[in-house]
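Novice: Here is the input, now give the coordinates:
(one chain, ligands or ions: 1)
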Amino acid sequence: MYFCIRDDDTSFFTSPEDLERVYGEVSQWGPISLAVVPFHRAGTSGVVPEKFRGRWSVHPLHENQPLVDYLRMGIAQGRFEIMLHGYHHDEVSDRWEFACGHDLAQRVAHGRQYLEDLLGATIRVFVPPYNSISRQGLRTIARAGLHLAGTTGVRRGWPLLSRQTWALWLRLRRWRKSGGLGIPWILDIGDHRELPGNGVTPAASLPHNQAVFDSTLALGGVFCVATHYWEQGAASLHAGDPSVGEHLRRLIDRAIADPRVLWRSVGEVISTSPMVA
Ligand SMILES: [Zn+2]
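Specialist: A predicted model of the protein is given here:
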């Protein structure tokens, strides 16, 4: 089974200590794929500190030099992969940037080039802010040659006239009807691939994620964690479940203890894994 970790919201508002606390030790076992916001707008996202919240000012990543140095070192050591997480992330209209924003092609091209130049990284994957992307947004990232971390579907972006779309739709429908847990494959939509994430958040259930992990392992599929470094201290909403950080740790412990698990970056898994539906 392929295993990967996607962590969203690294931006101007992130300190190296924030990432080091969660991933310093963990990233020696395998790479962490960070979804990075190039020019974060100080809106209402959970990552924006109180004193900036709702000011709507724009904060380029390069104005946080300690973080840039830290990321460059981590990338060079193979501990971090960089993915593109929107452009501003938050919009004054409070509508999701890639579900309704303007100039999406320009934002993708400029945001990607900016991060690649600043951090010395190659970007292969796009992560939509708030996991929301329109049909037009999806076409934009596919045209830019990027894959998607997350899933859309027939109603939200897969090409309706493609035979591949409907074959995939049917396969997923059968999988769910037969009681299949999670989505243990990479989805090939033709012009891009999508990698479904398994949320590790306060709303996620540890027993459920462990069951998905076991079922995916038995199939030799792909299990991608989707989490936020800034939420690791949060309690679970499920009685009896551990904190978000402990939840993540238990999944990681299973991954590193089992020789059948290959831990890779999101970009590597999505581009090269043979587990494609
Ligand atoms: Zn985000």
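
Novice: In this protein, mark out all the strands, start to finish.
Specialist: 2-10, 32-36, 39-41, 58-60, 80-84, 125-126, 147-149, 187-188, 193-195, 198-199, 222-227, 262-263 (DSSP state E).

Novice: quick one: least confident helix or strand in the protein?
Specialist: Sorted by mean pLDDT, DSSP states H and E, the helices and strands of the chain end with helix 97-100, the least confident at a mean of 90.

Novice: Now the residue in the stretch 101-250 of the chain that the ion sits nearest to: closest residue in space that isn't a chain neighbour?
Specialist: The nearest approach of the stretch 101-250 of the chain to the ion comes at Pro129, 4.8 Å away (Cβ to the ion). Glycine gets a C-beta too; all of them are placed from N, C-alpha and C. What sits nearest to Pro129 in space, not counting adjacent residues and going by Cβ to Cβ, 6 or more residues apart in numbering, is Gly86, at 4.0 Å.

Novice: And Arg143, by the same measure?
Specialist: Excluding the flanking residues, the one nearest Arg143 by Cβ to Cβ, 6+ apart is Ala105, at 7.2 Å.

Novice: check contacts around the one you found.
Specialist: Counting by Cβ atoms under 8 Å, 6 or more residues apart in numbering, Ala105 makes contact with Thr140, Arg143, Ala144.

Novice: ditto for Leu71
Specialist: If you count contacts by Cβ under 8 Å, 6+ apart, Leu71 has them with Thr10, Leu34, Val36, Phe80, Ile82, Leu119.

Novice: and the third one, how far is that from Arg254?
Specialist: Spelled out, that is Val36. In this view, Val36 and Arg254 are 27 Å apart by Cβ to Cβ, to the nearest Å.

Novice: which of the two has more neighbours?
Specialist: For the pair Val36 and Arg254, the greater number of neighbours falls to Val36 (29 against 16), based on other Cβ atoms under 10 Å.

Novice: Could you give the bridge partners of the more buried one?
Specialist: Applying DSSP bridges to Val36 gives these bridge partners: Thr10, Leu84.

Novice: Now do it, the pLDDT please.
Specialist: With respect to pLDDT, Val36 has a value of 98.

Novice: so what's it up against?
Specialist: Thr10, Ser11, Leu61, Leu71, Ile82, Met83, Leu84, His85, Leu115, Leu119.

Novice: Which of those sits closest to Pro196?
Specialist: Met83 (15.0 Å; Cβ to Cβ).

Novice: Specify the beta-bridge partners of Arg6.
Specialist: In beta-bridge terms (that is, DSSP bridges), Arg6 pairs with Ser33, Ala226.

Novice: Surely it is in contact with Val266?
Specialist: Yes: taking Cβ atoms under 8 Å as the definition, Arg6 is a contact partner of Val266 at 5.3 Å.

Novice: Those two: which is more packed in?
Specialist: Set Arg6 next to Val266 and count neighbours by other Cβ under 10 Å: Val266 wins out with 30 against 26.

Novice: got the contact list for the more buried one?
Specialist: With contacts defined as Cβ under 8 Å, 6+ apart, Val266 is in contact with Cys4, Arg6, Ser33, Glu81, Met83, Val125, Ala149, Leu195, Cys224.

Novice: what does Ala142 give?
Specialist: Ile189, Asp191, His192.

Novice: So how do I select the buried members of these in PyMOL?
Specialist: A single PyMOL command suffices to select whichever of the contacts of Ala142 are buried according to 16 or more other Cβ atoms under 10 Å:
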select buried, resi 189+192
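
Novice: In CSV: the contacts of Ala142, plus pLDDT and distance to the ion.
Specialist: Listed next are the contacts of Ala142 as CSV, based on pLDDT from 0 to 100; distance: Cβ to the ion, whole Å:
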residue, pLDDT, distance to the ion
Ile189, 92, 22
Asp191, 93, 24
His192, 95, 20
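
Novice: per-residue confidence at the closest residue to Ser243 other than its chain neighbours?
Specialist: Spatial nearest neighbour of Ser243, excluding adjacent residues (Cβ to Cβ, 6+ apart): Ala235 at 5.6 Å. pLDDT, Ala235: 96.

Novice: Next one: Asp214 from Gly199, what distance?
Specialist: Taking Cβ to Cβ as the measure, Asp214 falls 17 Å from Gly199.

Novice: sorry, that was for Ala121
Specialist: 25 Å.

Novice: related to what we said a few turns ago, give the residues shared as contacts by Arg6 and Val266.
Specialist: Common neighbours of Arg6 and Val266 are listed as Ser33, Met83, Ala149, Cys224 (criterion: Cβ under 8 Å, 6+ apart).
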